[in-house]
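>>> okay, predicted coordinates and the sequence, questions at the end:
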Amino acid sequence: MSYAALSGKKIILGITGSIAAYKAAALTRLLVREGAVVKVIMTPSATNFISPLTLSTLSRHEVQTQVMEEGSWNNHVALGLWADCMLIAPLTANTLSSMAAGACDNLLLAVYLSARCPVFVAPAMDEDMWHHPSTNRNLSRISADGVKIIPVGHGELASGLTGEGRMAEPEDITAFLQQFFAEGQSLKGKKVLITAGPTYEPLDPVRFIGNRSSGKMGLSLAEAAMARGAAVTVVLGPVHLPETKSGPEVIRVGTAVEMFHAVEAHFGEADIIIFAAAVADYRPEMPAEQKIKRKGDELMVRLVPNPDIAAQMGQRKNYRQLTIGFALETENELQHARDKMAKKNLDMIVLNSLRDPGAGFESDTNKITIIPAGNKAEEYQLKSKSAVAEDIWNSILQHFGDRL
Ligand code: CTP
């Protein structure tokens, strides 16, 4: 990790009304020591826990708390545009819920809504509040909006109880930001091509053979690659594409043959190609031109093979291009995955086992084993698909970074 990662970075530190606000002083000092330029914004209730004077002294900038201050208006849009990142630490349940709802009744929330930069939060709450379903719901919502959540610690809480919910220590928050900014450069200048989602193979104008792939794994990989500085193109089958603030280039396709042609057109310029789509292996040979009518007892549909996109690109790739595939297996998983990697000339294969609950198609989580060619398998815990995407990129960079 680069320890200069925060040097010159412009950080808005938002402080909300929690006992943990006292740690914001140490946090400000650490960030400034790492070379960051820190401007502090406090919610009005945060000022009950720590004095703006302490923070303005440590940050060497005036601290702002109100949209209107002494007859003048604080320009929250300008502040949001100025920053390289916004860090809200500590984040209370109250501000969390306002962020999830898009509420805007103080300066901190107005800046949050105007900020185009990455936003980090370090929650701080009592254990029962932390585990409340509404906290969970709100965290999922802001996480889906792109906010990065710094894990809470375990230990003594303000209530006197011991448990989960403590704000991460200033050193850990600083390390989290350093890691983010260092990673943000790790795919800079690289072109990434990803296939994602199912393919639909028409039987007639209204019916098709398809599968339950949601495209979420491929889209999470795309988002993570963009955050690391890559230019990303996704060839996406027929799934709903969630709205994001700044997404990758997306090429929509329906069938495996369309996906093949779109990949072929972009393959040459790509440095890293990930085949995350669940491509139908077969398609109806002759889709009916009109809707098929019910008649007789049986209907025979003749299927013919689709192109194996990963395998064909595996034949065409040059020595610098990396190809990565997925394997969904139900038995003898590791062996089948290794065989698939060899057959398709992949550099790495990511294995999902249907035996793992929470892994696979329609869920938001996944449990994977990464097998880099010529290396031993790396097994991971069940995680959200966006956390899995980070693991996959870390592993790609660890094993093949020198080839990129
Ligand atoms: N794949 C592809 N084109 C196909 C089929 C698969 O690009 N026509 C890619 C998938 O995106 C995945 C990998 O190949 O990265 C393995 O997919 P999978 O369906 O598990 O493999 P198959 O070769 O179809 O093997 P199986 O007989 O197990 O279905």
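Received, thanks.
>>> okay, CA-based contacts and neighbour counts for the rest of this
Fine.
>>> that's a strand at Gly14, yeah?
Yes - Gly14 forms part of a strand when assessed by DSSP: H, G, I helix; E, B strand; the rest coil.
>>> sticking with the closest residue to it other than its chain neighbours, tell me its helix or strand.
The shortest distance from Gly14 to any non-neighbouring residue, by CA to CA, 6 or more residues apart in numbering, is to Ile88 (4.4 Å). For Ile88, the enclosing helix or strand under DSSP states H and E is strand 85-91.
>>> re the thing from before, the residue nearest to Gly14 reaches Pro118, doesn't it?
No - between Ile88 and Pro118 there is no contact under CA atoms under 8 Å: 11.3 Å.
>>> these two: which is more packed in?
Using other CA atoms under 10 Å, the more surrounded residue of Ile88 and Pro118 is Ile88, with 27 against 15.
>>> can stretch 192-203 be said to contact the ligand?
No - under the criterion of CA under 6 Å from any ligand atom, stretch 192-203 makes no contact with the ligand; the nearest approach is 6.9 Å.
>>> what residues of that stretch count as buried?
Of the residues in stretch 192-203, 192-203 count as buried by neighbour count, 16 or more other CA atoms under 10 Å.
>>> reformat those as a markdown table; add distance to Gly215 and secondary structure.
Formatted as a markdown table, these follow (distance: CA to CA, whole Å; DSSP: H, G, I helix; E, B strand; the rest coil):
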| residue | distance to Gly215 | secondary structure |
| --- | --- | --- |
| Val192 | 16 | strand |
| Leu193 | 14 | strand |
| Ile194 | 10 | strand |
| Thr195 | 9 | strand |
| Ala196 | 5 | strand |
| Gly197 | 4 | coil |
| Pro198 | 7 | strand |
| Thr199 | 10 | coil |
| Tyr200 | 13 | coil |
| Glu201 | 17 | strand |
| Pro202 | 19 | strand |
| Leu203 | 22 | coil |
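>>> show me where the stretch 101-250 of the chain has strands.
For the stretch 101-250 of the chain, the strands defined by DSSP state E, counting those that start in this stretch cover 119-123, 148-149, 153-156, 162-166, 191-196, 201-202, 208-209, 231-236, 249-252.
>>> contacts for the fourth one next, please.
Pointing back at strand 162-166 there. Here strand 162-166 makes contact (CA atoms under 8 Å, 6 or more residues apart in numbering) with 20, 123-127, 130, 152-157.
>>> the longest helix along the chain vs the ligand: in contact?
In the chain, with assignment by DSSP state H, the single longest helix is helix 385-400. No - using CA under 6 Å from any ligand atom, helix 385-400 stays clear of the ligand, coming no nearer than 13.5 Å.
>>> what helices and strands are in contact with that helix?
helix 216-227, strand 365-366, strand 368-372 (3 or more CA pairs under 8 Å, 6 or more residues apart in numbering; DSSP states H and E).
>>> ok, of the contacts of strand 162-166, which one's closest to Ala311?
The shortest approach to Ala311 among the contacts of strand 162-166 belongs to Val152, at 43.4 Å (CA to CA).
>>> for the ligand, what are the nearby residues on the stretch 301-404 of the chain?
Checking the stretch 301-404 of the chain against the ligand by CA under 6 Å from any ligand atom, the hits are 306-310, 325-328.
>>> quick one: which of the residues you listed is nearest Val250?
The closest of those to Val250 turns out to be Ile309 (CA to CA; 17.7 Å).
>>> show me the contacts for the closest one.
So Ile309 contacts 260, 263 (CA under 8 Å, 6+ apart).
>>> distance of it from Val253?
Ile309 is 14 Å from Val253, where distance means CA to CA, to the nearest Å.
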